[in-house]
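S.K.: Model the following, please.
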Amino acid sequence: MIRFVRKLPFLTVISFFYLSAAVSLISLWSDTAGAESYWRRYDTLLRNYNLYGSIGLTYQKQWFENDETFSYFTQSYNLGLRGFVVDPRLVYFDVSGYFTKTNSSPGEDFSLLGQNMRVVLLQKLPQKWLSSWKYIPHPITLRFSHYANSAEYTNYGISLRYGKPYEWTLHEREVRQQQEAGANAENEANANAGASATAAAPKQKGTFLGLNFPVTYFDYDHYKSTSEGQTSSTNLYSVRSFMQGKVYDYRLYFEHQNVTGISPLKRTLVQFEPNYRFFDPDTKRLLDIYNALRYQNIEGQKTYEVHSRVNLYRPFGYDTLMGQGSLDYSRTSDKSSTTDVFNVTSTVSYNRVVSPRLSYMPFVAVGYGTSDTTNSHFERVGSNVSVDLSRVFRNTSTVFVGGSQEGLEYGAQTFFMTKTRISASLGYAVSSIAQDNGRVLTQRAVLNASGPIIGNLSFNTYADFTRRDDDSDPEDPFVEDALRGAVNLYWYFYRTSVTVGGSYSQVKRRNTTTDKTDVTTLSAALTRVITRNTLFTLYSLWIRDSLKNKSLEITPRLQWSLRQTAIDVEYKYRRVSLLGAPSTTDHRLTVNFIRYFSANFRM
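M.R.: Prediction:
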């Protein structure tokens, strides 16, 4: 008997165990009062089943100028049945089969046959069950899938959840006793007014610090694939546990993967995240602490990581004190070497509101990092200033100075923004780093604008110009200019939307010689709702670069749907012209048809 059980698939044994347990629970509970109010009787049950599926047909043809043609015809069929046994909260199942076949000309035909099964046990437990039954895991999900063509793929697994919605705290009897003792002490103190106030025991309010019971999810999956006589299998174990309260959020992850066969692999991951949030509704103070401890082992290469983030928000009237800090440490080791990386940063800022139209925010930022090969650091002080210049314009400016391992640095930026229907911003920024051998000066100008023009016609545009003057290498100084810009127009009218746009980008680098590259694009899109069930779209794209390479793409598409039937027809025209090569034209026609069906019946 033992040998016979060992030969059974893992999913079969687990399924038999939990199905037997569910039937036993029903039998035990059926003898107690209240069972009939939860699980309905088998002889009076009207079983609801749902038969569903789909039929899909796809035809695709592609042809070129040299009369070379490719065509594909794919037919897909899906049929499934879902329902429940006794009660949907007890046993729910979903079984389906899938078949697809593709005929290629020229080429080989392709077919795929598969089936899927999913069983969910104990989606919800009866509230009148004995307390001992409430501790069993639920829901429990069993799954199985198998697909076969020239190769074979099999997957089976199990998922379960375990959790209780209460806190670990003092026993209810102890809580009641402490509350009664506090009330008696208070009454005695009131009766003896002349006695010392310290003689009275404090009243227990009944609120005790507790931890919510963690919610844990367990998943196991086995994957097996066989192709050309070679077999590969994967066992994947996963455990996720969450425990949340008013100020804490604990998360624990465990994952183990074992792959055998063509590409063997062993991987283990453990991660713990203790996070905290402290908020005072009276003072609006907020402190967020995010932490992560991580261990990973991949084929003997071990990695240990520690991450921590702290965010502080402390209002003082209209002013606000803000602080951010981070710490990151990792160690990677194997049989031959060990690598350590450490980084820590901190930023403190204070937002001072002088008036409703003027505010400024000084800040200080420091950071340090080290590894086995390099060390890094930075220190920076500065301030932001925001001012409403008028009812139309607003300005935001920033200045800073600091240093790093690369040298002394400074910078400034200013942005002017509008507060009208047409939103626009114009900004300029400059920064410099003084190194031992030279200086790197970067300047940037940005323009953004968007808004309505007239009626349903609107636009958006942006332009960005950056210049980098780098003479840190005396043997190869250079100046690099980068320009990017785009303009788009949007027009909406009766059941139709039109979009027309273009973009341009250029990068020019000058030293002893001048190198220049640029790309220009033009695009247009039309969307028209012909009827309630019919949608037509037309899209076009033209691209040209500095080498005079060009490409043009035009794609009309028609979509129609009615209830559970949908038809999609798309034609794509693409022409490509490359420098030094003849142009090529590609035509592609795709027709998709799909029909869904679903029917409910009873037994």
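
S.K.: which ones are touching the residue found closest to residue 435 once you drop the neighbours it is linked to in the chain?
M.R.: Nearest residue to residue 435, sequence neighbours excluded (C-beta to C-beta, 6 or more residues apart in numbering): residue 407, at 4.3 Å. In this view, the C-beta of every residue, glycine as well, is placed from N, C-alpha and C. If you count contacts by C-beta atoms under 8 Å, 6 or more residues apart in numbering, residue 407 has them with 433-436.

S.K.: so where do the helices sit in this structure?
M.R.: 2-7, 10-30, 172-191 (DSSP state H).

S.K.: Confirm for me that residue 96 is in contact with residue 116.
M.R.: Yes - counting by C-beta atoms under 8 Å, residue 116 is a contact partner of residue 96 at 5.0 Å.

S.K.: where's residue 116 relative to residue 527, distance?
M.R.: Remark: distance between residue 116 and residue 527 (C-beta to C-beta, to the nearest Å) = 37 Å.

S.K.: Check residue 372 too.
M.R.: For residue 372, the distance to residue 527 - C-beta to C-beta - is 56 Å.

S.K.: Looking at those two, which is more packed in?
M.R.: Higher neighbour count among residue 372 and residue 527: residue 527, with 16 against 9, using other C-beta atoms under 10 Å.

S.K.: For stretch 563-583, buried residues please.
M.R.: 566-568, 570, 572, 575 (16 or more other C-beta atoms under 10 Å).

S.K.: With just CA atoms, put it into CSV.
M.R.: What follows is stretch 563-583, C-alpha atoms only, in CSV (Å, rounded to 0.1, in the frame of the first residue of the first chain):
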residue,chain,number,x,y,z
ARG,A,563,-22.5,40.8,-27.4
GLN,A,564,-20.0,37.9,-27.3
THR,A,565,-18.7,38.1,-30.9
ALA,A,566,-15.8,40.3,-32.1
ILE,A,567,-14.1,40.9,-35.4
ASP,A,568,-10.9,42.7,-35.9
VAL,A,569,-9.4,43.6,-39.3
GLU,A,570,-6.1,45.3,-39.6
TYR,A,571,-3.9,46.2,-42.6
LYS,A,572,-0.3,47.5,-42.2
TYR,A,573,1.8,49.1,-44.9
ARG,A,574,5.5,49.7,-44.2
ARG,A,575,8.1,51.1,-46.5
VAL,A,576,11.8,51.3,-45.4
SER,A,577,14.6,53.1,-47.3
LEU,A,578,18.1,52.6,-46.0
LEU,A,579,21.2,54.4,-47.2
GLY,A,580,23.0,52.4,-49.8
ALA,A,581,20.3,49.8,-50.1
PRO,A,582,17.1,49.6,-52.2
SER,A,583,13.8,50.4,-50.5
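
S.K.: Residues contacting that stretch, please?
M.R.: Here stretch 563-583 makes contact (C-beta under 8 Å, 6+ apart) with 547-561, 584-598.

S.K.: OK, contacts around residue 430?
M.R.: By C-beta under 8 Å, 6+ apart, the residues touching residue 430 are 411-413, 441-444.

S.K.: if we go to 7 Å?
M.R.: Neighbouring residues of residue 430 by C-beta atoms under 7 Å, 6 or more residues apart in numbering: 411-412, 443.

S.K.: got it, and residue 236?
M.R.: Contacts for residue 236 (C-beta under 7 Å, 6+ apart) come out as 221, 257.

S.K.: What distance do you get for it to residue 384?
M.R.: Following C-beta to C-beta, the distance that separates residue 236 from residue 384 is 49 Å.

S.K.: can you pick the most crowded of the contacts of residue 407?
M.R.: Result: residue 433 is most packed of the contacts of residue 407 (other C-beta under 10 Å), 20 neighbours.

S.K.: where's it relative to residue 410, distance?
M.R.: For residue 433 relative to residue 410 (C-beta to C-beta), the value is 9 Å.

S.K.: Alright, that wraps it up for me.
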